[in-house]
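Q: What follows is a predicted structure for the sequence shown.
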Amino acid sequence: MSEFVIKSMKDLPSVHLLGAGTAMCAGCGGLQALHEVYDLLGHKTVVVNAAGCMTLLANYPYTPFRGSWLYTSMASAPAGAQGVRDALDILLEKKRLPPEENLTAVVLTGDGSAYGMGLSATSAAIERGLDFIYLCYDNEGYGNTGQQTSAATPHGARTATHAGVAGFGGEKKDLFAIWAAHRPAYVATVIGAEPLDLARKIQHAVSVKGPRLILSLAPCPTGWDYDPMDTVEIGRLAVKTGIWPLKEYRDGKVSHTRVPHPRLPVEDYLVKQGRFAHLFQPVRNDKLIAEIQARVDEYWRDVG
Amino acid sequence: MTRALLTGNGAAAWGARLAEVDYVPAFPITPQTEIIETLAGWYASGAMQGRLTTLESEHSMITAAAAAAATGARVFTATSSQGLLYAMEMMFATPGWRAPFVLVNVSRAVATPITLEPDHTDVLAARDCGFVQIHCANAQELLDSVLIAYRVAEHPGVRVPVLVNQDGFYLSFTREPVELPSMDSVRRFLPAFAPGEVAFRASKPVSQAVAVLGGASYSYFRYELHLAVMQALVAYEEAAQAFAAEFGRRYSAVDTYRCDDAEVVFFMIGSFAAKAGDAVDRLRARGERVGLVRPRLLRPYPADAVREALRGKRAVAVIDQNLSMGFGGVLYAELAAALQGRPAMPMLCSYVGGLGGRDIRVEEFFAMAAESRNAAASGAVPATRLLYSGGELREVRKLQAIAAAERGEAGARP
């Protein structure tokens, strides 16, 4: 795919590399993104996994991956990628590994690791200039354990640890900005429901070296409480309402790859999810809905 | 072969250099730091070929070490105390990857209170994780053990990481004359690492460390790991023999000193055993039949060799430089398990001492030998003793009085 530039949906890979029948939930938005990403990365990869939902993708003796896999821990997947990359580089240098046997190290983590326990290891990997790709599937909570609040949980969402009428009172951490502040080779937000935007970004990530970090919103039927058939629609609404901005950081600048216009009310996105049901029932919480809308408006006002 | 005056840390670094390690993931911690600084210098100068990468924690460091070993590089790393504890999740996780590497732990007591000097509570916290453990008493043994460790770790029937232990300060910072083996002789003893099937390659995808569902699969892999570590008993013996043939120094799994006709023996690990050896010489000079047994290998546990060393003895003074809270000494418990139900086995007496670098004085060795001998004669097992002197207690009381005076407490005087 080196010379080939993805321009339209027709250019997306028609052969899918990730096997079916995994232990993921039906309608998993993280798996959707992973499918699309893996089709482009290919099998010459070592997927270095951090503890999270995707840990159960490779379940002895089965794996959906055509390439390699290494499960590490919740905190240290970037360090695993560092060890793999360093070893490959050393073996190539010492001519103990033919160049055609080389691999790309790909970290795969959920938001629990990426925004929290694994953030120190990620920061250090970026600072060391590690040549790797990092994919976070962000379902905005500790999904694998039943959607407790994580550092990625948005304001107002109900979680297993914030189940009251106001939901979670804190704010979603701006991981994109934290990553970008390290000035890595590339940072992008993506979503599986926008496969063309995702593919262009992965294609760019593959074309450069250094730390390349991809943050995918991962609509989660079980954690967000909606019908699995709605994953794509909710993903599209996340973009159209502006609550999940599609953007990238490259060459020191942040640019938006999709500016929703007209921007739909955020309520259209919230109302479809059980985790926000307390905003609408038994009585409508206009104040909290307005608060959430105000945050989104403020974001886009700053984008200009 | 040349001779050099090396600290324990220097000897450990030389072991890694002579093993021609490809990769050192590193993180500094006292008293280990000199090892990684030395190696960093050698990579920078070109004396070693490969790479040293500074990680942001020991947890990440062990992850990177095992990941690089699983990719086919020969890997060395080092830590100590709180660092080993911080890495503990990965100490347990990585042996199951069956990717061999060597970790030198420079023993240092653990918090609280935080301190710098040694005991073995840190390394014994890692006893159940699947690393082979080799315990060293001097700088030469340390350098040699690093080389032996690679041969054991990379043995096709073993393939687990090996931890080589030395005591902080007492050994890590003490200079001793050390013979540096020639590169040629080391290469004869330790061939280049052959990763075999366990290596990430584009043409041969590997799924490493995958999840299992259910106790049957889980138990299978855990038993397999246990049996692999047990295999290291044979691999260690084979390596020790080959080492002796090449270099003339013989490192048995269990070291014995003046034991043949001994009635009472001291039983301990690490560099403090030199203090016991000194006490043995003095007691022998008085005509007492006393010896010293020092296991080098602690995992796998060399039960047969330990029984062989202790058969027919009257009493053993087990000196634990560690403290399992609410129980006592770890070596004592394990030794009791190894001897349980066997004929002609000695009385065991348990002593805890040398915590946080506290000295064990020769008079204390005399007292332990006497008490153990008496216990064997009377048949009454004494309770575990925590070694401490009236003088030490007075020193602490003085500090407490100063602390009270500093706080301005009524009636307090320094």
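A: The structure has been received and is ready for your questions. Just so it is clear, the structure is predicted and the values come from calculations on it, not from any experiment.
Q: In the stretch 51-200 of chain A, what residue spans correspond to strands?
A: A:68-71, A:104-110, A:132-138, A:186-191 (DSSP state E, counting those that start in this stretch).
Q: Skipping its backbone neighbours, what lies nearest residue A:189 in space?
A: Spatially, and ignoring its direct neighbours in sequence, residue A:189 is nearest to residue A:215 (4.9 Å; CB to CB, 6 or more residues apart in numbering or on different chains). (Glycine included, C-beta is placed from N, CA and C.)
Q: Relative to residue A:122, how far out is the one you found?
A: With distances taken as CB to CB, to the nearest Å, residue A:215 is found 11 Å from residue A:122.
Q: anything in contact with each of these two?
A: Listed as contacting both residue A:215 and residue A:122 by CB atoms under 8 Å, 6 or more residues apart in numbering or on different chains are A:114, A:179.
Q: the more surrounded of those two?
A: For residue A:215 versus residue A:122, the count of surrounding residues by other CB atoms under 10 Å in any protein chain shown is larger for residue A:122: 31 against 24.
Q: Of all residues in chain A, which one is nearest the centre?
A: The centroid of chain A falls nearest to residue A:216 when counting by CA atoms, centre = their mean (2.4 Å).
Q: Okay, and that one sits in which element?
A: strand A:211-217 (DSSP states H and E).
Q: And the helices in the chain?
A: Going with chain A. Secondary structure of chain A (DSSP state H): helices located at A:29-41, A:77-93, A:111-112, A:119-127, A:175-181, A:195-207, A:231-240, A:267-270, A:286-303.
Q: Hmm, no, I was thinking of chain B.
A: Under the criterion DSSP H, chain B contains helices at B:8-18, B:33-45, B:58-69, B:81-86, B:88-93, B:121-124, B:139-153, B:183-189, B:215-247, B:273-285, B:303-310, B:330-339, B:362-378, B:390-406.
Q: Would you pull up how far the first one lies from the middle of the chain?
A: Taking CA atoms, centre = their mean, to the nearest Å, the mean C-alpha location of helix B:8-18 is offset from the chain mean by 16 Å.
Q: counting contacts, what elements does it pack onto?
A: Using 3 or more CB pairs under 8 Å, 6 or more residues apart in numbering or on different chains; DSSP states H and E, the elements in contact with helix B:8-18 are strand B:2-6, helix B:33-45, strand B:102-107, helix B:139-153, strand B:162-167, strand B:176-180.
Q: Among the ones you listed, single out whichever gets nearest to chain A.
A: helix B:33-45 (10.7 Å; CB to the nearest CB).
Q: residues touching the nearest residue to residue A:168 once chain neighbours are set aside, list them.
A: Of all residues not flanking residue A:168 in the chain, residue A:162 sits nearest, at 4.1 Å (CB to CB, 6+ apart). Listed by CB under 8 Å, 6+ apart, the contact partners of residue A:162 are A:149, A:153, A:168, A:169.
Q: repeat that for 10 Å
A: By CB atoms under 10 Å, 6 or more residues apart in numbering or on different chains, the residues touching residue A:162 are A:141, A:148, A:149, A:153, A:156, A:168, A:169, A:170, A:275.
Q: Closest one to residue B:294 out of these, please.
A: Closest approach between those and residue B:294, by CB to CB: residue A:148, at 49.9 Å.
Q: thought residue B:25 was touching residue B:76?
A: Yes - using CB atoms under 10 Å, residue B:25 makes contact with residue B:76 at a distance of 9.0 Å.
Q: which residues are in contact with both of the two?
A: B:36, B:52, B:65, B:101.
Q: what does the stretch 101-250 of chain A have sitting close to chain B?
A: A:101-105, A:118, A:120-125, A:127-128, A:130 (CB under 10 Å from any CB of the partner chain).
Q: again, only using 8 Å
A: Contact residues (CB under 8 Å from any CB of the partner chain) of the stretch 101-250 of chain A with chain B: A:101, A:102, A:103, A:120, A:121, A:123, A:124, A:128.
Q: For ChimeraX, write the select line for the buried members of those residues.
A: If you want just the buried ones from those in ChimeraX, going by 16 or more other CB atoms under 10 Å in any protein chain shown, the selection is:
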select /A:101,103,120,121,123,124,128
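Q: Mind picking the two most distant members of the residues of the stretch 101-250 of chain A next to chain B?
A: Based on CB to CB, the longest span within these runs between A:101 and A:120 and measures 31.5 Å.
Q: Chain B - how does it break down into domains?
A: As given by automatic domain parsing, the domain ranges for chain B are B:2-247, B:255-391.
Q: how long is the shortest one from one end to the other?
A: End-to-end span of domain B:255-391 (CA to CA, to the nearest Å): 34 Å.
Q: Same question for the longest one.
A: Using CA to CA, the gap from the first to the last residue of domain B:2-247 comes to 12 Å.
Q: model confidence over it, on average?
A: Mean pLDDT, computed over domain B:2-247, is 98.
Q: Same check on stretch A:193-207?
A: Averaging pLDDT along stretch A:193-207 gives 98.
Q: cool, stretch B:286-303 as well?
A: 98.
Q: Would you mind writing the CA trace of it as PDB?
A: Taking Å, rounded to 0.1, in the frame of the first residue of the first chain, the C-alpha atoms of stretch B:286-303 are listed here in PDB:
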ATOM      1  CA  ARG B 286      38.500 -24.300  70.200                       C
ATOM      2  CA  GLY B 287      37.900 -27.900  69.200                       C
ATOM      3  CA  GLU B 288      34.200 -27.600  68.500                       C
ATOM      4  CA  ARG B 289      32.900 -29.600  65.500                       C
ATOM      5  CA  VAL B 290      31.100 -26.800  63.700                       C
ATOM      6  CA  GLY B 291      30.500 -26.300  59.900                       C
ATOM      7  CA  LEU B 292      28.600 -24.100  57.400                       C
ATOM      8  CA  VAL B 293      26.100 -25.000  54.800                       C
ATOM      9  CA  ARG B 294      25.300 -22.300  52.200                       C
ATOM     10  CA  PRO B 295      22.800 -23.000  49.400                       C
ATOM     11  CA  ARG B 296      23.700 -21.200  46.200                       C
ATOM     12  CA  LEU B 297      20.600 -22.400  44.400                       C
ATOM     13  CA  LEU B 298      17.300 -21.500  46.200                       C
ATOM     14  CA  ARG B 299      15.000 -22.000  43.300                       C
ATOM     15  CA  PRO B 300      14.800 -24.700  42.300                       C
ATOM     16  CA  TYR B 301      15.200 -25.900  45.900                       C
ATOM     17  CA  PRO B 302      18.200 -28.300  46.000                       C
ATOM     18  CA  ALA B 303      16.500 -30.500  48.600                       C
END
